[in-house]
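Colleague: here is the input, now give the coordinates:
(2 chains)
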There are 2 protein chains.
Amino acid sequence: MEWISKSKILIVGLGLMGGSYAKALKRLGYSVFAVDTRRAAIDYALEESIIDRGSSQADPELIGEADAIIFALYPGVFKAWIAENQSLFKPGTMITDVTGVKGSIVYDIQKMLRPDVEYIAAHPMAGREVYGVENSDDRIFHDANYIVTPTEKNTPEAIEWCKSLGKILGFRKVSVLSPEEHDEMIGFVSQLTHCIAVALMTCSDNQHLVDYTGDSFRDLTRIARINDAMWSELFLLNKPALLRQMDTFLSEFKQLRNMLEDEDRQGLCEKMRLSTERRALFGK
Amino acid sequence: MEWISKSKILIVGLGLMGGSYAKALKRLGYSVFAVDTRRAAIDYALEESIIDRGSSQADPELIGEADAIIFALYPGVFKAWIAENQSLFKPGTMITDVTGVKGSIVYDIQKMLRPDVEYIAAHPMAGREVYGVENSDDRIFHDANYIVTPTEKNTPEAIEWCKSLGKILGFRKVSVLSPEEHDEMIGFVSQLTHCIAVALMTCSDNQHLVDYTGDSFRDLTRIARINDAMWSELFLLNKPALLRQMDTFLSEFKQLRNMLEDEDRQGLCEKMRLSTERRALFGK
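Modeller: Have a look, this model is predicted:
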């Protein structure tokens, strides 16, 4: 049985993700606190015993008692919160997060952070198309991947602690990448796919599409229901990597298009065989 | 209870689709015959009681006894089979198919067909990423759409018969479109999505993608495991409509890309809100 050394855990931002962390950690026996400006989120979580204690403000007592703090906020809010409230941290506090971009966040926060606490960044690659602690569900971790993104400033102990956190939360696979590798990878597997889904959905205003679609269109557009405030922020914070990934995709897609125009059956078949072979590695 | 008037049904091409039709029709009490050049497919279907009678050749007796014939062949093979064997049809035979493109098939076959039989075209929008009668399963129809594509040559009786066939097979929704409307729609919801999945999968040769992906990448590339012979044929047979759909998508995708480059957060958010609103009509 894996275990982590920090037993009083504060979650800042109790939405879908923060709530799912809380549920998993509470069940494992940790003391779970939460801070969220939405009073209803805290009330709900207390009533449902998802957290032990909570506040709709940056409560100095809760913050000062926490051994570890998990930030589940939008990137911009995350930075501002640290700047404003880090004086309340207990010396030795371990800090991690769930932010979907890393390079534009991690170095800034490590730079501004008090020297007696440590921030080790992580990205749990799980989510749903619904919001709020009311929809939180830690089963979303079980088939998902978790990426720890340390910098040279991080200690081996913090890296191990963060990997263990991913394991006890129940993630399928825990990996370690640099912030830059992470951003390139996420630009491809997550942000690019959301761009494609949005672009596909904006192609047609036919109200009866649902009567003519197969599973393929439904699958490709499931993520086209998207939180525009969060995802536009994530896209802009990862602009160089995402632009590179979009341009690679554009080039591949245009190749296919031109093969069709030229009636190059051989070329089309080769592309399809390559995609089939690569996708087979995924298993499902 | 819906019923169709032709009770001895011959299926030509006993693969995944033909086999799934056979299972559904057999269970409903129809006499089901099959012709497939793959002897093993016929043997398997007889052993499993998926069909009543079968042959690996164009058996004149089976063909002459059928009240209705369902073609589940590749488009090119379909045309050739009709040309070669239509002299064996019983007068009044009702003919339909499962072909994924219509404009480039339907008129040619209606033109070459004997005047005493009728071909009413249909497209069952169901499928799986596996092949053969051994993997057939008529439950794939239950959440799927079925499109009948009549021409001016078709009688109201044949159109009704074909719609009833879709209903008794268990399709969620049965619609009627012209061959041209069908091809444009299918170019968008089915062929374009397969092009996107293939292009996405050919972007990266990273063997460890599976460790860093979320559900979104898996969903968008599920159909990247693709039967290259069949799909390249379908793409080429629907070239003008598919090219139009690919170009529309390219234009939408490039707009998003340029908004990102220009850091146009407002524009990105508007696209995301539009896609969210449209996708919400699908329900899931």
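
Colleague: now do stretch A:261-273, average pLDDT.
Modeller: The average pLDDT within stretch A:261-273 is 98.

Colleague: same check on stretch A:176-194?
Modeller: 96.

Colleague: tell me where chain A has strands.
Modeller: A:8-12, A:31-35, A:53-55, A:68-71, A:94-97, A:118-119, A:122-125, A:145-148, A:173-176 (DSSP state E).

Colleague: for these, please prepare CSV with the additional fields distance to B:R222 and mean neighbour count.
Modeller: Backbone N, C-alpha and C define where each C-beta goes, glycine included. Formatted as CSV, those follow (distance: least, Cβ to Cβ, whole Å; neighbours: other Cβ atoms under 10 Å in any protein chain shown):
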stretch, distance to B:R222, mean neighbour count
strand A:8-12, 33, 25
strand A:31-35, 36, 25
strand A:53-55, 40, 20
strand A:68-71, 32, 25
strand A:94-97, 30, 24
strand A:118-119, 37, 23
strand A:122-125, 17, 26
strand A:145-148, 17, 23
strand A:173-176, 19, 18
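
Colleague: could the ones you listed go into a markdown table alongside distance to chain B?
Modeller: Below are the strands of chain A laid out as a markdown table (distance: least, Cβ to the nearest Cβ, whole Å):
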| stretch | distance to chain B |
| --- | --- |
| strand A:8-12 | 21 |
| strand A:31-35 | 24 |
| strand A:53-55 | 28 |
| strand A:68-71 | 19 |
| strand A:94-97 | 17 |
| strand A:118-119 | 22 |
| strand A:122-125 | 4 |
| strand A:145-148 | 6 |
| strand A:173-176 | 5 |
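
Colleague: Throw those strands into a markdown table and include distance to B:L243, thanks.
Modeller: Formatted as a markdown table, these follow (distance: least, Cβ to Cβ, whole Å):
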| stretch | distance to B:L243 |
| --- | --- |
| strand A:8-12 | 50 |
| strand A:31-35 | 53 |
| strand A:53-55 | 56 |
| strand A:68-71 | 47 |
| strand A:94-97 | 45 |
| strand A:118-119 | 50 |
| strand A:122-125 | 35 |
| strand A:145-148 | 37 |
| strand A:173-176 | 40 |
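
Colleague: of all those strands, which one is nearest A:R257?
Modeller: For these, proximity to A:R257 was assessed by Cβ to Cβ; strand A:122-125 is nearest, at 30.6 Å.

Colleague: packing partners for the closest one?
Modeller: Here strand A:122-125 touches strand A:145-148, helix A:156-169, helix A:179-186, going by 3 or more Cβ pairs under 8 Å, 6 or more residues apart in numbering or on different chains; DSSP states H and E.

Colleague: dump the ones you listed into JSON lines; add distance to B:S216 as well.
Modeller: Putting the helices and strands packed on strand A:122-125 into JSON lines (distance: least, Cβ to Cβ, whole Å) gives the following:
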{"stretch": "strand A:145-148", "distance to B:S216": "12"}
{"stretch": "helix A:156-169", "distance to B:S216": "19"}
{"stretch": "helix A:179-186", "distance to B:S216": "11"}
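
Colleague: A:S56 is nearest to which of those?
Modeller: Nearest of these (Cβ to Cβ): helix A:156-169, 25.1 Å.

Colleague: return the set of buried residues in that closest one.
Modeller: A:158-159, A:161-163, A:165-166, A:169 (16 or more other Cβ atoms under 10 Å in any protein chain shown).

Colleague: please state the offset of that helix from the chain centre?
Modeller: Per Cα atoms, centre = their mean, to the nearest Å, the displacement of helix A:156-169 from the mean C-alpha position of its chain is 16 Å.

Colleague: please enumerate residues in contact with it?
Modeller: Under the criterion Cβ atoms under 8 Å, 6 or more residues apart in numbering or on different chains, residues A:2-6, A:21, A:24-25, A:28, A:94, A:96, A:118, A:120, A:122, A:124, A:138, A:141, A:146, A:148, A:150, A:174, A:176 lie in contact with helix A:156-169.

Colleague: how about 6 Å then?
Modeller: A:2, A:4, A:24, A:28, A:96, A:118, A:120, A:122, A:141, A:146, A:148, A:150, A:174 (Cβ atoms under 6 Å, 6 or more residues apart in numbering or on different chains).

Colleague: next: stretch A:61-73.
Modeller: A:6, A:8-13, A:17-18, A:21, A:33, A:55, A:78, A:88, A:90, A:94-98.

Colleague: look at the residue nearest the centre of chain A and report its pLDDT.
Modeller: With distances taken as Cα atoms, centre = their mean, A:G100 lies nearest the centre of chain A, 4.2 Å away. On pLDDT, A:G100 comes in at 94.

Colleague: looks like it contacts A:L234 (just checking).
Modeller: Yes. With contact defined as Cβ atoms under 6 Å, A:G100 counts as touching A:L234 (5.0 Å).
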